[in-house]
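Student: Dropping the sequence and predicted coords here.
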Amino acid sequence: MKQKSYILPIIILSQFGCTSLWFAGNAVIDELVSKTGLGPEIMGYVLSSVQLGFILGTFVFALLMIADRFSPSKVFLVCSLLAAVCNGMLLCESPSKWLILLARLGTGFFLAGIYPVGMKIAADYFEKGLGKALGYLVGALVLGTSFPHLLKGMDLGENYTIVVITTSLMALMGGSMLYFLVPDGPYRKASTVLMLRSGFRLFRLSNFRKAAMGYFGHMWELYAFWAFIPLALKTFNEAHHAHIPISLWTFAIIGLGGISCAVGGHMALSWGSKNVALTSLILSGGLCLASPLFFMLPTGIFLLLFCLWGVFVASDSPQFSTMVANSVPVQLKGTALTLVNCLGFSISIMSIQLLTYALNFLDPILIFTLLSIGPVLGTAVLFGKTHN
C-alpha cells in the first residue's frame with residue numbers, strides 16, 4: 001500500500017512529460033514553415049505524420065506483444081529516449097520537408113511505447129480502481145498534448161527552438177523517472193510465448209468488442225476536434241473582428257479535458273466506467289451537432305461552449321481504456337490496449353483528413369458536425385447489451 005501512494009503520481013508525471021512531444025511540431029509549424037520556406041500545405045501533414053507513426057508503432061508493438069513480453073518500464077524508457085531524439089531533429093539548421101515529416105513520424109512511432117505502455121503499467125499496479133487511475137493517466141496525456149500550445153502562447157515560446165528543447169527534455173526526464181522509480185507491477189503477468197494473432201482474436205470477446213467500438217467512435221471525434229480548434233478560433237475572430245489569443249485558448253480547451261479525465265475517473269468509482277463513457281460521448285456528440293450555432297454567439301459564450309466541448313470530448317477516453325483492460329485476460333492487457341490504440345488512431349487520421357477535404361466545399365463553421373458520426377455510432381454500440 002505504501003508503494004502505491006507514490007507510484008501513480010510518478011506514472012502521471014512521466015506520461016505528462018513524454019506526451020508533450022505529441023503536438024510539439026504543430027505548435028511551432030508556423031515558425032518551421034517560415035524558416036524553411038515550405039508551403040503552408042505541410043501543416044496538414046505534420047499532425048497526420050505523428051498519427052501515422054503512432055499507428056505503425058502500435059501495430060508493431062501489438063503484433064509482437066512488446067508490452068506483455070518485456071518489462072513495461074524498460075520499454076517506456078527506451079521509447080522516451082528515442083522519441084526525444086526524433087523530436088530534436090526539428091532543431092536541424094535547415095530541415096527539409098521530408099526531415100520534418102520523418103521526425104514527426106518517428107516521434108509518433110515511439111509514442112506507441114509511451115501512451116499505451118503507461119496504461120499497461122497502471123493496470124499492473126491497480127487491479128481495483130483502474131478507472132480512477134487511468135483517469136489521471138489519460139488526463140496527463142491530454143495536458144501533455146496541450147502543453148506546447150501553452151509554451152507557444154507565452155513569450156517563452158516565441159523562439160520555436162525553446163518549445164522543441166523543453167518538450168524533448170521533459171520526455172527524457174519522464175522516461176528516466178518512471179524507469180528508476182516504478183518497477184514492474186505486482187499484478188503483471190508476462191506472456192512468454194509470441195502469438196502473432198492473439199490481439200485480433202480478442203475481438204471474439206463481446207465485452208472487448210463493445211468497449212473497442214465505443215472507443216473508436218470517441219477517437220473519430222477527439223483528435224480532429226483538437227487539430228481544428230485553432231481554425232475554429234481563427235474563424236470566429238475573423239467573423240466577429242474578435243481578438244481571441246489562439247494558442248492560449250487552444251491550450252485551455254484541450255487542457256480542460258485533462259481535468260475532466262481525472263474527475264471522470266473518480267465518478268467511475270460510483271457510476272461505473274461504462275456510464276461515464278456513455279454520458280461523455282452523448283454530450284460531446286450533441287455539441288458536434290450544435291457547433292454551427294456557436295459561431296453566432298457572443299465571444300464569452302462561444303469560448304464557454306468550446307471549453308465544455310473540450311471537457312466532454314476527452315473524459316470518456318480513460319473509461320473506454322478501463323473497459324478494454326478489464327475485458328481481456330491479464331496476460332494480454334498490454335496487447336489489447338495497444339491494438340485498440342492502433343485502430344483508434346487510424347480512425348482519427350480518417351476524420352482529420354475528412355475535415356481537411358471538407359474545407360474545400362463547406363464553410364468552416366459546418367465541418368465540426370461531421371465529427372458527430374463517431375459519437376452516434378459509439379453510443380449505439382454502448383446501448384447494446386453487454387455480456388459479463
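Tutor: Nice, I can see it.
Student: Now residue 316: phi and psi?
Tutor: Per-residue torsions, residue 316: phi -80, psi -20 (degrees, to the nearest 10).
Student: In contact with it, which residues?
Tutor: Neighbour list for residue 316: 214, 218, 264, 276, 277, 278, 280, 281, 284 [criterion: C-beta atoms under 8 Å, 6 or more residues apart in numbering]. For the C-beta atoms, the positions are set from N, CA and C on the backbone; glycine is no exception.
Student: Next, give me the two most distant ones among those residues.
Tutor: 214 and 264 (14.1 Å; C-beta to C-beta).
Student: before we move on, back to that, turn the contacts of residue 316 into TSV, including pLDDT and neighbour count.
Tutor: Below are these laid out as TSV (pLDDT from 0 to 100; neighbours: other C-beta atoms under 10 Å):
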residue	pLDDT	neighbour count
214	94	28
218	96	27
264	92	30
276	94	26
277	94	30
278	95	20
280	96	26
281	96	29
284	96	29
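Student: and which of these is nearest residue 59?
Tutor: residue 218 (19.7 Å).
Student: Over to that closest one. Which of the three states is it?
Tutor: For residue 218, the assignment made with DSSP: H, G, I helix; E, B strand; the rest coil gives helix.
Student: Between the two ends of stretch 86-104, what distance do you get?
Tutor: Using C-alpha to C-alpha, to the nearest Å, the end-to-end distance of stretch 86-104 comes to 7 Å.
Student: For the residue lying closest to residue 215 once chain neighbours are set aside, what is the enclosing helix or strand?
Tutor: In space, and not counting its chain neighbours, residue 215 is closest to residue 320: 3.9 Å by C-beta to C-beta, 6 or more residues apart in numbering. Following DSSP states H and E, one finds residue 320 within helix 317-326.
Student: Likewise for residue 252?
Tutor: Using DSSP H and E, residue 252 falls in helix 246-271.
Student: picking that back up, how distant is the helix holding residue 320 from the center of its chain?
Tutor: Relative to the centre of its chain, helix 317-326 is centred 14 Å away, using C-alpha atoms, centre = their mean, to the nearest Å.
Student: Low-confidence stretches in the stretch 51-200 of the chain?
Tutor: 152-158, 190-199 (pLDDT under 70).
Student: where along it do the helices fall?
Tutor: 66-69, 72-88, 97-111, 115-125, 130-153, 160-181, 198-201 (DSSP state H, counting those that start in this stretch).
Student: Is it possible to get TSV of the ones you listed that adds distance to residue 256 and mean neighbour count?
Tutor: TSV is the format used below for those (distance: least, C-beta to C-beta, whole Å; neighbours: other C-beta atoms under 10 Å):
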stretch	distance to residue 256	mean neighbour count
helix 66-69	29	25
helix 72-88	25	22
helix 97-111	22	22
helix 115-125	19	27
helix 130-153	9	26
helix 160-181	20	21
helix 198-201	33	17
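Student: mind checking which of those helices is nearest residue 289?
Tutor: Closest to residue 289 of those is helix 130-153 (C-beta to C-beta; 23.0 Å).
Student: quick one: that closest one to helix 246-271, angle?
Tutor: Helix 130-153 and helix 246-271 are oriented at 170 degrees to each other (axes from the mean of the first three to the mean of the last three C-alpha atoms, to 10 degrees).
Student: just the angle between helix 130-153 and helix 97-111, please?
Tutor: 160 degrees.
Student: List the contacts of the residue of the chain positioned farthest from its centre.
Tutor: Within the chain, residue 241 marks the point farthest from the mean C-alpha position, 32.2 Å out by C-alpha atoms, centre = their mean. Shown in contact with residue 241 (C-beta under 8 Å, 6+ apart): no residues.
Student: ok, now how distant is it from residue 109?
Tutor: Distance, residue 241 to residue 109, by C-beta to C-beta, to the nearest Å: 43 Å.
Student: can you tell me which residues contact residue 319?
Tutor: Shown in contact with residue 319 (C-beta under 8 Å, 6+ apart): 131, 134, 135, 264, 265, 268, 273, 274, 276, 277, 280.
Student: hang on, residue 381 packs against residue 213?
Tutor: Yes. Shown here, residue 381 and residue 213 form a contact pair, counting by C-beta atoms under 8 Å, at 4.3 Å.
Student: rewinding a little: and which of the contacts of residue 316 is nearest to residue 327?
Tutor: The closest of those to residue 327 turns out to be residue 214 (C-beta to C-beta; 11.3 Å).
Student: Now the closest one, what are its backbone angles?
Tutor: Dihedral angles for residue 214 - degrees, to the nearest 10 - are phi -60, psi -40.
Student: Could you check how far it is from residue 377?
Tutor: With C-beta to C-beta as the criterion, residue 214 and residue 377 are 9 Å apart.
Student: do residue 132 as well
Tutor: Residue 132 sits at a distance of 27 Å from residue 377 (criterion: C-beta to C-beta).
Student: Alpha carbons of stretch 171-190, in CSV - could you do that?
Tutor: Only the C-alpha atoms of stretch 171-190 are listed here, as CSV (Å, rounded to 0.1, in the frame of the first residue of the first chain):
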residue,chain,number,x,y,z
ALA,A,171,10.4,13.4,-22.3
LEU,A,172,13.9,12.4,-21.2
MET,A,173,13.2,13.2,-17.6
GLY,A,174,9.8,11.5,-17.7
GLY,A,175,11.2,8.2,-19.1
SER,A,176,14.1,8.2,-16.7
MET,A,177,11.9,8.9,-13.7
LEU,A,178,9.5,6.1,-14.5
TYR,A,179,12.2,3.6,-15.1
PHE,A,180,14.1,4.2,-11.9
LEU,A,181,11.1,4.7,-9.6
VAL,A,182,8.4,2.4,-11.0
PRO,A,183,9.4,-1.3,-11.2
ASP,A,184,7.2,-3.9,-12.8
GLY,A,185,3.8,-4.0,-11.0
PRO,A,186,2.6,-6.7,-8.7
TYR,A,187,-0.3,-7.7,-11.0
ARG,A,188,1.8,-8.1,-14.1
LYS,A,189,1.7,-11.5,-15.7
ALA,A,190,4.2,-11.7,-18.5
